[in-house]
Structures are given as structure tokens and as C-alpha cells.
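Engineer: could you work out the structure for the sequence below:
(one chain, ligands or ions: 2)
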Amino acid sequence: MRKIYVFDTTLRDGEQSPGVNLNTREKVEMALQLEKLKIDRMEAGFPAASPGDLAAVNAVARAVKDVTVIGLSRSRESDIDAVREALIGAQDPCIHVFLATSPIHRKFKLRMEKQQVLETAQASIRYAKKYFSKVEFSLEDAGRTELDFMAEVVAMAVREGASVVNIPDTVGYLYPSEYGAIFKYLKENVPDIEKVQLSAHCHNDLGMATANTLAAILNGADQIEGTINGIGERAGNTAIEEIAMALETRAEFFGAKTGLALTEIARTSRLVSKLTGMVVPGNKAIVGANAFAHESGIHQDGMLKEKTTYEIMTPESIGLKESKLVLGKHSGRHAFREKLMDLGYDLSEEQVNEAFTKFKVLADKKKEVSDEDLLALLEEKLIDTPEVFKLETIFVAYGNESTPTARVRIATEDQTIEEEAEGNGSVDAIYNAIDKVSGEEVTLADYSIKSVTHGKDAQGEVHVVLSQNDVAAQGRGLSTDILEASARAYVDAVNVLIEKRKTFSRRERATL
Ligand SMILES: CC(=O)SCCNC(=O)CCNC(=O)[C@H](O)C(C)(C)COP(=O)(O)OP(=O)(O)OC[C@H]1O[C@@H](n2cnc3c(N)ncnc32)[C@H](O)[C@@H]1OP(=O)(O)O
Ligand SMILES: CC(C)C(=O)C(=O)O
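Structural biologist: Ligands and ions are numbered 1, 2, ... in the order given. Next up is the predicted model:
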């Protein structure tokens, strides 16, 4: 299997993400984790950028042992000298010199003719070669450079003894077949091209960085450049974890692999996210929180029967513990039952169906139903409350300068009653309206509320104690809305109270 060398630029191009600034300690921490991931080459920074970056590159160079450490440099002697200083102490140092070659960059940015570009690049490679045995040269914006001029510059870099020549699609402009064709062209048209490694460096402006990098591999690229989590300038760079897993998962197609320790991917991704402050989107390939999570019933059923139905790679392969079956409104009975078993509930078919119906009502209100939600729901289900009154709807009007008003609709065995009442607050108004429906004279002896789950859409659980003469009754209500939970708890307590009163009077009659 052909080996693809991984050039990680999380610490350089990744740090160019707007808002990201890594200090020396953070760069070293990340570098040591990248070493554990077994990347081959690491671009630690741009030493000429600032004294701080020079010092950080030097600290990284001294800290890592098994990775080639690289410093970036413009085609200027002063930049090259800064890299020399920064890489003192590196086990295996390498300099990365670049110069833009495209007509747009030549004309507007560098204000150079083709010949000047060629000569400047040549002079800088020669100067770099005096101090470094390993020199990578990049043709910035190669993706928009004329093919014949690109070949001319690459041929010069080969003659001057560069070890790697990089062909960046700096602005993420190309389509995979176009990018792949460049590598094929260079392989076929540049003399002695086999003396250098060809490298692919893609940006994600049109979301094609991964596809373009893979196209380069299919057309002979020896090295790929990218960052962890795909962070980087503008829309970012190629995500290294995507390339590594694509090659691993489709080895029969690509016939190439990286040497990465794949089980370190998840840990590295988390560290990069933590230190850069760049949150990984849930749906990000490979390392997003949802990459191995399944929410819909049909998928969950498939997963429970055979994981390969919906997973082309395992979470374990990137260092995660297991896939997740997330309960939500699209989930089905198979996953629901499985979750109940995990929580220690071995229920009958009928009980599962009953709980499932309640779960669906809750799932309509909540984005994700947590274990705590389910436990609360199951406990509620197991309490055998006789339903003389059944709360159908509540409506509350509240304003800080008006009297709170509530309207409730409650079903009894043979009719539906609607009542409205005012109160000192919204809950009081609801309770007054319920009293009007039930006709019961009760005292609210206790009221408490707590959140049983977390977040903005947490479920609130309300407990009330009602008393009537010598009889006390407790009620409990659960909802994502605390007013609804309050109403449910109250109606529940009224029902319990009526049931208790019946039992009490039966006992009394028996003793008479
Ligand atoms: C595609 C990439 O990611 S390339 C890397 C991009 N990364 C960075 O730029 C981060 C670090 N950069 C910096 O800290 C600063 O830009 C510095 C220190 C390098 C230079 O700062 P300044 O001297 O103030 O120059 P400034 O950044 O404004 O302009 C860049 C200059 O470099 C020139 N330049 C750009 N690329 C190159 C190159 N590869 N080789 C030689 N000169 C170059 C520009 O033409 C411009 O020159 P001019 O001043 O003669 O017009
Ligand atoms: C310096 C070069 C390799 C670069 O980052 C780019 O062209 O995107």
C-alpha cells in the first residue's frame, strides 16, 4: 500500500483562522499531541511573523522528537534567517519557502513579471539550501497559475534541490478533476520530477478541499497538507482526519494510506478545539458530535441489528467509545426499548407501548430526550393516578401591570368544562380556574418546583400537596413548561384527593 505523508499545518495555517492566537505553551501542547497522532511533518509557525511566533516555533522544535519540524518563510533572506533561528535544536528541521505564481498574484500583489518570480524563487531556494537539507517550495495560488509556467517553476525547484514541491489551491477554486489533472501533468512533463515529493495543499472555499486532496492522491501526490478539524484561513484547510479516514475506509479504491495513529484522532480534535476556541460543528465529518450518532427510528433499528447498515467506519477506530443512539422525535420502538433496558426497565410490550406514546409527546417538545427525561417519564407512568379530571388545555395571560388570568379546559368522564379565573400570579390564576372546574375546596399546603433535566428546554417537575379537612394528597406534574407542569401537578393532586376521600368514606362506612 502506497504511503501518503502527512504535513500538518494546524499550528501555522490553522492558526491563521480569524480570532485564533496560540501562545507557546499551547503550541507545544498541541505539537506533542500531533506527535502522538504520528503525523510525519509539522509546520509550527511563521517565524518572521513575530518574535513570539519565532519563540513558539523554537519551543516546538525542541519539544518534539519524531516529527520533522517546519518553519514557513517568504522568498526573502530575512524570513529564511528567522526560520534558521527558530529551528535551532530541532531533530529534523525543514524550511518551507513560498512565492505566488498566478497572474493575479504576480500582477497585483507581488508586482512581478514571470521572470522575476522565477528568479526570486530560485534565489530563495538556493539561499535556503545553504542551511537546510530539507527544503519545501510552494507555488502559492498554483491552482490559478498557467500550466506551462507552473511546470517551469516546478522544474527549477527540482533542479535547485527542493525535497518537496507543493501545489496549493490557495483559494479553494478548483474542481477535483482539474486539481488531479495538474498532478498528472507535472508528473508527465517535468524532468526528474521523481526526485521530489509532490504535495497537495487545499483550501475549502467551495467545500471541495477533501475531494481535491483525494484527487491529487489518485494522481500521484506523495504528501498532503492540512489541519485538524479543517481549521484555517477563511473557510479552512483540508481536514487531515477526513483524508486519513477516507484512505482507511476506502483502501481498496485509493490503494494508499497515511501512517497516522487513527485512534488519536478524536483526542487531537478535542484538544485543537479547546485550545483554538473553535467549536467543531456537530455534523462535521469524522469528529463532529453527530458523526456516530443516530436519531431516526429506521436507522437505529438498523444499527441495533447490524452496525454496518449505517456506519462505514467505527467510532472506536478514531478513539471514541461507541456510537450513540439519540432518542428524539424520529426514534422508534426498537431504540426506545433498548434504552429502557439500559436504564434497568424490563417492561412488558404493553408498558413499553404506553411509555412510548408519552415519550413521543415529550419528544415533540424537546430536541433530545435525555436519560433523566426518560426516568422522570417512566416514574410518572408508574404512579397509578385515577383520572377523574383530565387537563386538556391551559391558557394564561400575564403582564406585569395587569392581573394574571388563566383559562383551563378539563375533561371529566362525561363532559368537558372550561373555566377562567384571576389570581395573584399565573400559577394562582391556574389553580383558581381548576378549583372552579372541580368544585373542590382545597388548601395548597405545599408547592415545589425543580428542573429534572438540563438546558433551556429542560423539563420542570412540580410537586404540590393539597389538603382538605384531614385528607392530604400529593400531586406531581412534568412538562417543559413550568405553568403546564404546575397545572398537571394540581389536577393530579385533586384526583388523588378524591380517590383518598372515597377510600376514607368506605372505611368509615364499614366501621359504622
Ligand atoms: C497563503 C498563505 O497562507 S501565505 C502565509 C500567510 N501568513 C501570514 O501572512 C502570517 C504572517 N504574516 C505577517 O506577520 C506579516 O504579513 C509579515 C511580518 C510576514 C510581513 O509584514 P509586512 O512587512 O508588514 O508586510 P505585509 O504583510 O503588509 O505585506 C506583505 C509583503 O510581502 C510580500 N510578499 C508576499 N508574499 C511574498 C513571498 N512569498 N515572498 C516575498 N515577498 C512576499 C508582499 O508583496 C508585500 O510586499 P511589499 O511590502 O513590498 O508590498
Ligand atoms: C504558504 C502556502 C502553502 C499556503 O498556505 C497556501 O497557498 O494556501
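
Engineer: am I right that residue 99 is in a strand?
Structural biologist: Yes: counting by DSSP: H, G, I helix; E, B strand; the rest coil, residue 99 is part of a strand.

Engineer: got phi/psi on the residue in the stretch 401-512 of the chain that ligand 1 sits nearest to?
Structural biologist: Residue of the stretch 401-512 of the chain nearest ligand 1, by C-beta to the nearest ligand atom: residue 455 (39.1 Å). In short, each C-beta sits where N, CA and C put it, glycine included. Taking degrees, to the nearest 10, you get phi 90, psi 180 for the backbone angles of residue 455.

Engineer: ok, now the one 5 residues further on?
Structural biologist: Backbone torsions of residue 460, given as degrees, to the nearest 10, read phi -100, psi 140.

Engineer: the nearest residue to it once chain neighbours are set aside: neighbouring residues, count only.
Structural biologist: Once flanking residues are discounted, residue 460 sits nearest to residue 482: 4.2 Å by C-beta to C-beta, 6 or more residues apart in numbering. Around residue 482 there are 18 other residues, counting by other C-beta atoms under 10 Å.

Engineer: residue 482 contacts residue 462, doesn't it?
Structural biologist: Yes: judged on C-beta atoms under 8 Å, residue 482 makes contact with residue 462 at a distance of 6.9 Å.

Engineer: identify the contacts common to the two.
Structural biologist: Shared contacts of residue 482 and residue 462 (C-beta atoms under 8 Å, 6 or more residues apart in numbering): residue 449.

Engineer: near ligand 2, which residues of this structure?
Structural biologist: Proximity of the chain to ligand 2, by C-beta under 6 Å from any ligand atom, involves residues 13, 98, 138, 140, 166, 168, 170, 201, 203.

Engineer: phi and psi next, for the nearest residue to the second one once chain neighbours are set aside.
Structural biologist: Put plainly, it is residue 98. Leaving aside its sequence neighbours, residue 98 sits nearest to residue 138 (C-beta to C-beta, 6+ apart; 3.8 Å). Backbone torsions of residue 138, given as degrees, to the nearest 10, read phi -110, psi 130.

Engineer: rewinding a little: quick check: the residue of the stretch 401-512 of the chain closest to ligand 1 vs residue 79, distance?
Structural biologist: Noted for residue 455: a distance of 49 Å to residue 79, by C-beta to C-beta, to the nearest Å.

Engineer: more neighbours, the two?
Structural biologist: Taking other C-beta under 10 Å, residue 455 and residue 79 do not tie; residue 79 has more neighbours (22 against 11).

Engineer: biggest helix in this structure, by residue count?
Structural biologist: Using DSSP state H to define each element, the chain has its longest helix at helix 482-511.

Engineer: starting at the chain centroid, how far to that helix?
Structural biologist: 49 Å (C-alpha atoms, centre = their mean, to the nearest Å).

Engineer: can you mark which positions in it are buried?
Structural biologist: Buried positions in helix 482-511, judged by neighbour count with 16 or more other C-beta atoms under 10 Å: 482-499.

Engineer: do stretch 74-81 as well
Structural biologist: Result for stretch 74-81 [16+ other C-beta under 10 Å]: buried residues 74-76, 79-80.
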